[in-house]
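Chemist: Sequence and predicted structure below; questions after.
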Amino acid sequence: MVNKEKKKALVLLSGGLDSTLAVKLIVDQGLDAEAVHFSTPFCNCDKCSVEKVGKDNGIKVHHLFQGQDFLNLLVDPPHGYGSNMNICIDCRIDMFKKAKLFAEEIGAEYFVTGEVVGQRPFSQRKAAMKLIEKEAGLEGKILRPLSAKLLEETDVEKDGIVDREALLGIQGRTRKPQIALAEELGVYDYPCPSGGCLLTDAQFSKKLRDYLDHEGTPNIPDMFLLRLGRHFRINGVKVVIGRDEKENRILTGLALRNGWAVLTVLDYMGPTTVFPELSEQVLDQAAAITVRYSDAPKETPVRLCLKHGESKELISKAMLVEEIENYRI
Ligand code: SF4
């Protein structure tokens, strides 16, 4: 028998299919809910799709940012990295701790997620889920409607506030049950499930690993720079080269704001190269790589301009493609 006492749920909403279905299952039980969407400096998330889920289900969506605390965890994550630089277990603990504080502000008493047992080998194993709950101080308070029947009863199920019978027992990596459920519930518009966290991307993870090895604790502006351009390390010095016009413009703006040196090819179209810390020892290689990515002829010397306070002209030929790989991060 379902207890009609209302308790507000705080749904952790990523905007993907699973958390969208979790919202729907809760709202369809007539339960009171608000949602929170977390983002980090590594998200490629689509805030509009999150807002749409809230609107479609008549619930308010809040946005919280995992900032410097989260970046500090990346240096030496207590629960380790996943297959790339993703620190999902520590990330989830941090997220739930922040959600817990936020829930107190809005009077929410339990939490709902779209997690599915066994869907992610690192953070969605039963043991990892229990550990995350315990470390966040939320044992018995996190309801996972898609897998609830495979998990211990939560407090709100025991109290009859949520009807366990109406919850599901989905597990594993296949998404077929969720896609079938989406059709059944009339959820047609959801983003691709591959998600948008750059920490799960192998190429980005290489850049972040290099950063941690050479530059130490990350900060938000540096993480923004990691998302832009081609990155090289020459004699220990970081060099960033724009990949298109938009990146060239952003890199030029960052260089102006931060007093970085900027290198460009004269006489031909080419990329913008910036040096967060300029060293004379890297100029020859950086100039040769910059010419390689420009429209200038590859066999003849080309003029470049280095601006760092004053302007200085350099001459360089394009670096061989194979040689470039020695410097690429
Ligand atoms: S994929 Fe990224 S955002 Fe998602 S839990 Fe892992 S570290 Fe956090």
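Modeler: Thanks, I have it. Numbering: from 1, shown residues only.

Chemist: what mean pLDDT does stretch 35-43 have?
Modeler: The average pLDDT for stretch 35-43 rounds to 95.

Chemist: Now do that stretch: distance from first to last residue.
Modeler: In stretch 35-43, first residue to last residue: 18 Å (Cα to Cα, to the nearest Å).

Chemist: Measure how far it is from the centre of its chain, please.
Modeler: Distance, stretch centre to chain centre, for stretch 35-43: 8 Å (Cα atoms, centre = their mean, to the nearest Å).

Chemist: Make 723 the starting number, not 1.
Modeler: Taking 723 as the first residue, the last one we looked at is stretch 757-765.

Chemist: what does it contact?
Modeler: 732-737, 745, 767, 769, 772, 775-776, 781-789, 792-793, 813, 817, 820-821, 824, 918-921, 926, 942, 945-946 (Cβ atoms under 8 Å, 6 or more residues apart in numbering). Heads up, the C-betas are built off the backbone N, CA and C, glycines and all.

Chemist: Any quick ChimeraX command for the buried ones out of the residues you listed?
Modeler: A single ChimeraX command selects the buried members of these (16 or more other Cβ atoms under 10 Å):
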select :732,733,734,735,736,737,745,767,772,775,776,781,783,784,788,792,793,813,817,820,821,824,918,919,920,921,926,945
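
Chemist: if you look at the contacts of stretch 757-765, which of them are in helices?
Modeler: 745, 769, 772, 775-776, 792-793, 813, 817, 820-821, 824, 926, 942, 945-946 (DSSP state H).

Chemist: Just flag the most distant two among these.
Modeler: Using Cβ to Cβ, the two most remote members of the ones in helices among the contacts of stretch 757-765 are Val745 and Phe946, lying 30.6 Å apart.

Chemist: quick one: the worst-scoring helix or strand of the chain on mean pLDDT to chain centroid distance?
Modeler: Within the chain, no helix or strand scores below helix 769-779, which has a mean of 89 by mean pLDDT, DSSP states H and E. The chain centroid and the centroid of helix 769-779 are separated by 19 Å under Cα atoms, centre = their mean.

Chemist: Could you list every helix and strand that it packs against?
Modeler: Using 3 or more Cβ pairs under 8 Å, 6 or more residues apart in numbering; DSSP states H and E, the elements in contact with helix 769-779 are helix 739-749, strand 755-761, strand 783-787.

Chemist: Apply 10 Å and report the result again.
Modeler: Helix 769-779 is packed against strand 730-734, helix 739-749, strand 755-761, strand 783-787, with contacts defined by 3 or more Cβ pairs under 10 Å, 6 or more residues apart in numbering; DSSP states H and E.

Chemist: would TSV of the ones you listed with distance to Gln1007 be doable?
Modeler: Shown next, in TSV, are those (distance: least, Cβ to Cβ, whole Å):
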stretch	distance to Gln1007
strand 730-734	46
helix 739-749	46
strand 755-761	36
strand 783-787	37
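
Chemist: just so I know, which of these lies nearest the ligand?
Modeler: Nearest to the ligand among the helices and strands packed on helix 769-779 is strand 755-761 (7.4 Å), distances taken as Cβ to the nearest ligand atom.

Chemist: now the closest one against strand 783-787, angle please.
Modeler: Put simply, strand 755-761 runs at 30 degrees to strand 783-787, going by axes from the mean of the first three to the mean of the last three Cα atoms, to 10 degrees.

Chemist: Name the strands paired with strand 755-761 and say parallel or antiparallel.
Modeler: Taking DSSP bridges as the criterion, strand 755-761 pairs within the sheet with strand 730-734 (parallel), strand 783-787 (parallel).
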